[in-house]
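Chemist: Can you look at this prediction? I've put the sequence above it.
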Amino acid sequence: MRAVLRLLLPIFLAEVWLASDPALGLQGSEAQAERGALELQGPQNQTWEELQAPANTDEKQEQEHEKAPLMAQQQQLVNETTNFGFSLLRKISMRHDGNVVFSPLGVSLAMAGLMLGTRGKTKAEVESVFHLQAVNQTEPHSLPNLFKGLREALSSNPDLGLTQGSFAFIHKDFDIEETFINLSKRYFDTECVPLNFRNASQAKGLMNHYVNKETQGKIPKLFNEVNPETKLVLVDYILFKGKWLTPFDPVYTEPDTFHLDKYKAVKVPMMYREGKFASTFDKNFRCHILKLPYRGNATMLVVLMEKKGDYLALEDYLTTDLVETWLRNMKTRNMEVFFPKFRLEQKYEMHELLKQLGIRSVFSHSADLGGLSAAARNLQVSKVLQQSVIEVDEKGTEAAAGTLSEIIAYSLPPVVKVDRPFHFMIYEETSKVLLFLGRVANPTLP
């Protein structure tokens, strides 16, 4: 008997297969700015703004004292999730130097959801990737609870255009732990859907229907086939439909040259806008950093190397601290910006990359998935597949995913033309959580 667990994240998609037969082995490689703080949930399912105002100074100080550790843990989680994303980017870059797009938040939510079914060493390895082992020791489900607070803070901002959720498609005969179902619902708002995977064609059609609906048509046909021995499919989705705070006027979009390297170039539709932009220049890495704001207090951060061909070297040094340094040193001024339209769609088999980052046990015969099923012996995760889609045009973006540095804020030229390979980061301003991370080497390719 073979049990299969697929964990898929559109626009970021992580597909995890769970095999019970070791012989089968692996099957393949504005919240607004003035809010000022995340609406993290308190111990009684209240936001911090909803907590009763303190009656006196001592009570207020006590309340602030109790709130500080949770806020610190939340920021630590965001920082580690971002650094985790940069680490994944470096691993992907070892395999190819083309276009890249994925969601660090998506993969983090996927692993946190899977962690609810892990025990022992397997659970510890997942925790260690986020360097939050101490946090998770304060109470049984501290780490999932932090992710829950982050998800709720993001979803409370309708202008952000971010949708996130999950499904659990469960075969009627699979002996899944009720606790796992309850915790998945509690922390990740998972909707459980019973299916008969023995009727593979019907199961495939129903799952495609759910995924297509929740991703608003971005992933119309996720499943091409379904193994009739499948027992459980977990689908986590994250969808970002950002709109520029000030859109580009399509009237000014014209074909222009994008230099792939010193010798090759392609024609791309180049957007144009004149206005006030926040920017800086890093003299250490010789790169321009430009902010393109969305509605809902989100931003695309564009990193453009001064010289053609140097963009890959920057990836070794990307950290949360470096990005924070860039953001602190930005200055807003009037500029002209040329930015290419592009659409990327990328898939990655991630289990080997996750192994390199220290998550190994869950992919081996020694995986401890006792929290998932009472019959978890011999179960293991065999495959992780990620898929991300991002489309950037005049209206905005639709995405279905310290080194001491000398910084100056005045060197960016009054005209910025993004006509060579660049990196982009889409993040929510208040929490600084990294929603999508990518590299555009050739905007004419997916």
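Modeler: The structure has been received and is ready for your questions. Residues are numbered from 1 along each chain as shown.
Chemist: Mean confidence (pLDDT) on the helix or strand encompassing His288, please.
Modeler: Element membership for His288, per DSSP states H and E: strand 287-294. Summarised as a single mean, pLDDT over strand 287-294 is 93.
Chemist: Equivalent analysis for stretch 184-203, please.
Modeler: For stretch 184-203, the mean confidence score works out to 89.
Chemist: now do the same end-to-end measure for that stretch.
Modeler: 22 Å (CA to CA, to the nearest Å).
Chemist: what do you get for stretch 325-334?
Modeler: 22 Å.
Chemist: Okay, buried residues for it please.
Modeler: Thr325, Trp326, Leu327, Asn329, Met330 (16 or more other CB atoms under 10 Å). For the C-beta atoms, the positions are set from N, CA and C on the backbone; glycine is no exception.
Chemist: Same check on stretch 336-345?
Modeler: Val337, Phe338, Phe339, Pro340, Lys341, Phe342, Arg343, Leu344, Glu345.
Chemist: mind listing which of these are in strands?
Modeler: Val337, Phe338, Phe339, Pro340, Phe342, Arg343, Leu344, Glu345 (DSSP state E).
Chemist: the helices in the protein, which residues?
Modeler: 57-93, 104-115, 120-129, 133-136, 142-155, 178-188, 200-214, 311-314, 320-328, 351-356 (DSSP state H).
Chemist: Identify whichever of those helices lies nearest to Gly242.
Modeler: helix 142-155 (12.5 Å; CB to CB).
Chemist: Report the distance from that closest one to the chain centre.
Modeler: 14 Å (CA atoms, centre = their mean, to the nearest Å).
Chemist: Domain-wise, how is this protein divided?
Modeler: 5-30+80-240+344-390, 250-342+394-440 (automatic domain parsing).
Chemist: Export these as TSV, with columns for distance to Gln74.
Modeler: Shown next, in TSV, are these (distance: least, CB to CB, whole Å):
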stretch	distance to Gln74
domain 5-30+80-240+344-390	6
domain 250-342+394-440	8
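Chemist: Lowest mean pLDDT across those, which one is that?
Modeler: Looking at those, the bottom one is domain 5-30+80-240+344-390 with a mean of 76.
Chemist: Ile289 and Thr299 touch, don't they?
Modeler: No - applying CB atoms under 8 Å as the test, Ile289 and Thr299 come out as separate, 11.1 Å apart.
Chemist: quick one, which of those two is more surrounded?
Modeler: Ile289 (25 against 20; other CB atoms under 10 Å).
Chemist: Excluding chain neighbours, what is closest to that one?
Modeler: Trp326 (4.7 Å; CB to CB, 6 or more residues apart in numbering).
Chemist: how close does that neighbour get to Asn79?
Modeler: 15 Å (CB to CB, to the nearest Å).
Chemist: try Pro228
Modeler: Taken as CB to CB, the span from Pro228 to Asn79 is 43 Å.
Chemist: and what of Arg328?
Modeler: In terms of CB to CB, Arg328 sits 15 Å off from Asn79.
Chemist: now Lys221
Modeler: 37 Å.
Chemist: With Glu429 instead?
Modeler: 15 Å.
Chemist: Let's have the helices of the chain in a markdown table, adding distance to Lys264.
Modeler: A markdown table is the format used below for the helices of the chain (distance: least, CB to CB, whole Å):
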| stretch | distance to Lys264 |
| --- | --- |
| helix 57-93 | 19 |
| helix 104-115 | 30 |
| helix 120-129 | 37 |
| helix 133-136 | 47 |
| helix 142-155 | 39 |
| helix 178-188 | 44 |
| helix 200-214 | 37 |
| helix 311-314 | 14 |
| helix 320-328 | 29 |
| helix 351-356 | 28 |
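Chemist: Most tightly packed of the ones you listed?
Modeler: Scoring the helices of the chain by mean neighbour count under mean count of other CB atoms under 10 Å gives helix 104-115 as the most buried, with a mean of 26.
Chemist: tell me what that helix is packed against?
Modeler: strand 5-8, helix 57-93, helix 120-129, helix 142-155, helix 178-188, strand 232-243, strand 380-392, strand 434-440 (3 or more CB pairs under 8 Å, 6 or more residues apart in numbering; DSSP states H and E).
Chemist: can you put those in JSON lines and add distance to His351?
Modeler: Formatted as JSON lines, the helices and strands packed on helix 104-115 follow (distance: least, CB to CB, whole Å):
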{"stretch": "strand 5-8", "distance to His351": "11"}
{"stretch": "helix 57-93", "distance to His351": "11"}
{"stretch": "helix 120-129", "distance to His351": "13"}
{"stretch": "helix 142-155", "distance to His351": "21"}
{"stretch": "helix 178-188", "distance to His351": "21"}
{"stretch": "strand 232-243", "distance to His351": "15"}
{"stretch": "strand 380-392", "distance to His351": "4"}
{"stretch": "strand 434-440", "distance to His351": "19"}
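Chemist: burial count for His96?
Modeler: His96: 11 neighbours (other CB under 10 Å).
Chemist: How about the backbone phi and psi for it?
Modeler: Reported as degrees, to the nearest 10, the phi and psi values for His96 are phi -160, psi 160.
Chemist: and Thr430, how far is that from Lys417?
Modeler: Distance from Thr430 to Lys417, by CB to CB: 31 Å.
Chemist: the more surrounded of the two?
Modeler: Thr430 (22 against 17).
Chemist: Got phi/psi on the more buried one?
Modeler: According to degrees, to the nearest 10, Thr430 has phi -70, psi -50.
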